[in-house]
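Q: Curious how this folds, go ahead:
(chains A, B, C and D)
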Amino acid sequence: MIDVLYFAWVRERIGLPKERVETGAATVAELVEELKAREERYAMAFADIASLRVALDQELAEFDAPLAGVREVAFFPPMTGG
Amino acid sequence: MIDVLYFAWVRERIGLPKERVETGAATVAELVEELKAREERYAMAFADIASLRVALDQELAEFDAPLAGVREVAFFPPMTGG
Amino acid sequence: MRVRVQEAAFDPGRELAGFARGRHDVGAVVSFTGVVRDTEGTLERMEIEHYPGMTEKAISAIVDEASARWSLLDAMVIHRHGTMAPGEVIMMVATASAHRAEAFASADFLMDYLKSRAPFWKKERRKDGTVWVAAKDEDEAALDRWSR
Amino acid sequence: MRVRVQEAAFDPGRELAGFARGRHDVGAVVSFTGVVRDTEGTLERMEIEHYPGMTEKAISAIVDEASARWSLLDAMVIHRHGTMAPGEVIMMVATASAHRAEAFASADFLMDYLKSRAPFWKKERRKDGTVWVAAKDEDEAALDRWSR
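A: From the prediction side, this is the model:
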């Protein structure tokens, strides 16, 4: 079980800020494929992976990063702070 | 007649902040030569012209600038503001 | 070094007044203040979402990186989230060092990284609709200035 | 645009609080504060001499040059003369613009030029004697950054 968080328009498209996911995915990319297969709203949110960022346990990561030992995955658009 | 002003260590070496000078000098450099010829303290203050700056009527200028029409000449070391 | 992420408004003047004062080793203080801009007069509200937990960690890591690059005597980052009106202060950065070049460079660096690497997202509520602010290519490109 | 040359102490926090506020076109404010530094603990007093009349003109010309180079929405320079103790504020610069890059560059530019082109001279009264602060080659070299 892994906590999956969504922010900004990713959260709006999927329709919730956080969920617990049962997954056997080895990498972030595999998790994304599992989520896209679920429902149209997930497919829409993850349609253009290049426009998304991911954090593993609150550290920025790449989509090919392994999920082993990770407790929290977050998906969001490029940040616009400052 | 021209007002000549001195600042910082130039003022200290010459021993006064301002004086009125009767001069026929055509350029700043000629005025400097006239002043150096006056007394030892002037010769000391103007010994190294490269370490001095000059302003004509409150605008930075070069030592070969003409004095025609100038009312106020100021000599000082490189500025250290900020 | 101080990092604050908060919903409440704050006064940059008061923060600057209390920053790195009374020290005899500080010669230069640089501050940056970011303000909700509305040049066209069409913005009603700015909403800023963030990622609690990661936000503080990410900002602290950016401040640590700045401290590793320059002789920072002190640094401060305050960033708001929630809803703000045009003209309101969004965030502030301040750096203190012995000399001006380090204070300028480190504040500039902090801003570039906060812009693109701290988990904040801006949404504009405009008269004609609501839009998530898109990250700019130039903001990502600005980070290249600091690669060594 | 505001230029003040004064003997009296001032509070940079209060000045920043009153600078470019309540405007909807300003997105970025950068401030620089210069402080009397005494890292070795040997400085008793800093004395700053200036050239009344020329000082204000020179600073205004530098601010005008910055306004010609960047889209400055507001700028402020306050510079003290007279006697100051270690830790006291010497001077302050602030710039306001739509975007951060312009606010940073213009404040940086103003500082480089104020340092070497405004008629101020610093004298340090130290425990072991009195010395006029010498201009640094690096300060003159810093001006080359802005030649276009």
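Q: now the closest residue to chain D within chain A, nearest residue through space, not along the chain?
A: Nearest residue of chain A to chain D (CB to the nearest CB) works out as A:G82 at 7.2 Å. C-beta: built from backbone N, CA, C; applies to glycine. The spatial neighbour of A:G82 that comes closest, neighbours along the chain excluded (CB to CB, 6 or more residues apart in numbering or on different chains), is C:K115 at 3.8 Å.
Q: The one you found should be in a helix, yeah?
A: Yes - counting by DSSP: H, G, I helix; E, B strand; the rest coil, C:K115 is part of a helix.
Q: correct me, but it touches C:F32?
A: No - with contact defined as CB atoms under 8 Å, C:K115 does not reach C:F32; the gap is 10.8 Å.
Q: hey, what's in contact with both of these two?
A: Common contacts of C:K115 and C:F32 (CB atoms under 8 Å, 6 or more residues apart in numbering or on different chains): D:R100.
Q: out of those two, which sits in the busier spot?
A: C:F32 (25 against 22; other CB atoms under 10 Å in any protein chain shown).
Q: How about the secondary structure of that one?
A: Secondary structure of C:F32, per three-state DSSP, is strand.
Q: For it, which non-adjacent residue is spatially closest?
A: C:F32's closest residue in space is C:V93 (CB to CB, 6+ apart), at 4.6 Å.
Q: could you list every residue that touches that neighbour?
A: So C:V93 contacts C:31-32, C:75-77, C:107, C:110-111, C:114 (CB under 8 Å, 6+ apart).
Q: likewise C:D25?
A: C:73, C:98, D:37-39.
Q: next one: A:K18
A: When contacts are counted by CB under 8 Å, 6+ apart, A:K18 touches A:3-6.
Q: how about a cut-off of 10 Å?
A: By CB atoms under 10 Å, 6 or more residues apart in numbering or on different chains, the contact list for A:K18 reads A:3-7, A:11, A:72, A:74.
Q: Who are the packing partners of the helix or strand encompassing C:V29?
A: Per DSSP states H and E, C:V29 falls inside strand C:28-35. Counting contacts by 3 or more CB pairs under 10 Å, 6 or more residues apart in numbering or on different chains; DSSP states H and E, strand C:28-35 packs against helix C:12-17, strand C:74-80, strand C:89-97, helix C:100-117, helix D:12-17, strand D:28-35, strand D:89-97, helix D:100-117.
Q: Could I get these in TSV, plus columns for mean pLDDT?
A: As requested, these are exported to TSV (pLDDT from 0 to 100):
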stretch	mean pLDDT
helix C:12-17	98
strand C:74-80	98
strand C:89-97	98
helix C:100-117	98
helix D:12-17	98
strand D:28-35	98
strand D:89-97	98
helix D:100-117	98
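Q: any chance of these in a markdown table, plus distance to B:T27?
A: Below are the helices and strands packed on strand C:28-35 laid out as a markdown table (distance: least, CB to CB, whole Å):
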| stretch | distance to B:T27 |
| --- | --- |
| helix C:12-17 | 48 |
| strand C:74-80 | 51 |
| strand C:89-97 | 44 |
| helix C:100-117 | 36 |
| helix D:12-17 | 43 |
| strand D:28-35 | 36 |
| strand D:89-97 | 34 |
| helix D:100-117 | 22 |
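Q: out of those, nearest to B:R41?
A: helix D:100-117 (27.3 Å; CB to CB).
Q: Tally up the residues packed near the nearest residue to C:R21 once chain neighbours are set aside, please.
A: Of all residues not flanking C:R21 in the chain, D:G87 sits nearest, at 7.5 Å (CB to CB, 6+ apart). D:G87: 15 surrounding residues under other CB under 10 Å.
Q: The residue of chain A closest to chain D and C:T33: what is the separation?
A: 11 Å (CB to CB, to the nearest Å).
Q: Give the full set of residues in contact with the residue in chain C sticking out farthest from the centre.
A: The outermost residue of chain C, judged against the average C-alpha position, is C:D128 (28.3 Å), by CA atoms, centre = their mean. If a contact means CB under 10 Å, 6+ apart, then C:D128 has C:T42 as its contacts.
Q: for chain A, which helix is longest?
A: In chain A, taking DSSP state H as the definition, the longest helix is helix A:28-38.
Q: list the helices and strands that one packs on?
A: strand A:2-6, strand A:18-21, helix A:40-45, strand A:53-56, strand A:72-76.
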